[in-house]
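> I need the structure of the sequence given here:
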Amino acid sequence: MSRVRSGVLAAWASAWLAGEAAYDDVVAHATGRDEPHRVVGLPGADGLPGEPGAEAPLGWALTVLRERSPDGVRVVLPVPGDPRGLPPGGPGAPAGSAAFAAAAMAAGEAVVGRGIGLAPTVTEHGSPLGSKTISVRWTLYPIGEPTPDPLTVAEAEHDLTEALRTAATALTALEVASWRPELAGELARVRRKPAAPDLPPGHDARAVRLLAQADRLSTVLDLAAADDPGGAVTSQDARDRSEALRPLITAVRRGRCAAYNAVPSRHR
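Numbering: from 1, shown residues only. Model (predicted):
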């Protein structure tokens, strides 16, 4: 399952801005098992947004977020054809908006706040068969006001449930169990309780459950995207499989957005 670093950073940074999490906890959870994260483009640092410049510890970006976006930040998970949550470009927009949108689209994730955006560049070092480390470099951009994305947890939960039901029906019709038994098995087990997602204490309970379900389904989708061992799947099988899973992929991505961006229960 791919880790949504921007989602973790957005949720924990927002909790810190609300006085519900410690500064060190934000950095620790955002970093996870990666090498210490670095950030470029901070105000007063050398270099321009998107260009090489002075690097600083990720924690320094929290001070900027507190100054520029004290009410919190959000995660966006844009893909080609669905840029929801990104700031608009065009005449009159801050110079960094277009560059940020491109960086966020390339990464498939980013953090947005009031007039500020953070996009990650993730680099893997080492051999997949041996020791491997991951470095993350965040770039801070001045951006315009992000386009509202008002998807609620309840709506995302409903969409995810419907997409899962539709995908399971379609995969059954495609007789997926005959050529991907491990995928069929994962779909059957998807309702089992998964590991708790990485969210700060006090995060909305329904959002926690939604993210756990979305993360579990993401693992299934990663498995489904892999080529069938031994070439047992024809090109048409692969196309049909992709088409059957497309709505579920969207629902998982949107569910993650809604869950990470949910307001803690006690703040409702």
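
> list the buried ones in stretch 107-125?
107-113, 115-120 (16 or more other CB atoms under 10 Å). From N, CA and C alone the C-beta is placed, and that goes for glycine too.

> May I ask which two of those are separated the most?
Within the buried residues of stretch 107-125, Gly108 and Gly115 form the most distant pair, 22.6 Å apart (CB to CB).

> Test my guess that Ala119 contacts Ala101.
No - proximity of Ala119 to Ala101 does not meet the contact threshold set by CB atoms under 8 Å, at 9.1 Å.

> By pLDDT, give me the weakest of the buried residues of stretch 107-125.
Taken together, those show their lowest pLDDT at Gly115, with 90.

> Help me confirm that it comes into contact with Pro94.
Yes - between Gly115 and Pro94 a contact is recorded at 7.4 Å, counting by CB under 8 Å.

> Now for the two: what residues contact both?
142-144 (CB atoms under 8 Å, 6 or more residues apart in numbering).

> From those, keep the buried residues only.
Using 16+ other CB under 10 Å as the burial test, the shared contacts of Gly115 and Pro94 include 142-144 as buried.

> Show the residue spans covered by the strands in the chain.
Secondary structure of the chain (DSSP state E): strands located at 38-40, 56-57, 74-76, 110-113, 116-126, 132-142.

> so which of those strands comes closest to Ala251?
Using CB to CB, these put strand 74-76 closest to Ala251, at 16.2 Å.

> got the contact list for the closest one?
Residues contacting strand 74-76 (CB under 8 Å, 6+ apart): 4, 6-7, 9-11, 14, 84-86, 104, 109-113, 146, 149, 256-257, 260-261.

> Now, those residues that are in helices?
Using DSSP state H, 6-7, 9-11, 14, 104, 256-257, 260 are the members of the contacts of strand 74-76 that sit in helices.

> low pLDDT regions in the stretch 151-268 of the chain?
Scanning the stretch 151-268 of the chain for pLDDT under 70 picks out 171-195, 223-234, 237-238, 264-268.

> make it 80
For the stretch 151-268 of the chain, applying pLDDT under 80 flags the ranges 167-196, 219-242, 244, 263-268.

> all helices of it, in order?
Under the criterion DSSP state H, counting those that start in this stretch, helices of the stretch 151-268 of the chain are mapped to 153-173, 181-189, 205-225, 235-260.

> List the residues that contact Arg66.
Arg66 makes contact with Leu17, according to CB under 8 Å, 6+ apart.

> Distance-wise, check it relative to Gly72.
Going from Arg66 to Gly72 by CB to CB, to the nearest Å gives 10 Å.

> Mutual contacts of those two, please.
Leu17.

> Next, give phi and psi for the closest residue to Asp149 other than its chain neighbours.
Among residues not flanking Asp149 along the chain, Gly85 sits closest, at 4.3 Å (CB to CB, 6 or more residues apart in numbering). When read as degrees, to the nearest 10, the backbone of Gly85 gives phi 100, psi -10.

> Could you double-check that Gly85 sits in contact with Pro146?
Yes - if you go by CB under 8 Å, Gly85 and Pro146 touch, sitting 5.8 Å apart.

> Tell me the residues that contact both of these two, please.
74, 76, 112.

> Can you report how many residues lie near the second one?
To tie it back to what came earlier, the one meant is Val76. The local packing of Val76 (other CB atoms under 10 Å) involves 28 other residues.

> I'd like the distance between it and Pro120.
From Val76 to Pro120 the distance is 12 Å (CB to CB).

> So in terms of bridging, what pairs with the nearest residue to Asp34 once chain neighbours are set aside?
Of all residues beyond its chain neighbours, the one nearest Asp34 is Ile134 (4.6 Å), with distances taken as CB to CB, 6+ apart. Taking DSSP bridges, one obtains Glu124 as the residues bridged to Ile134.
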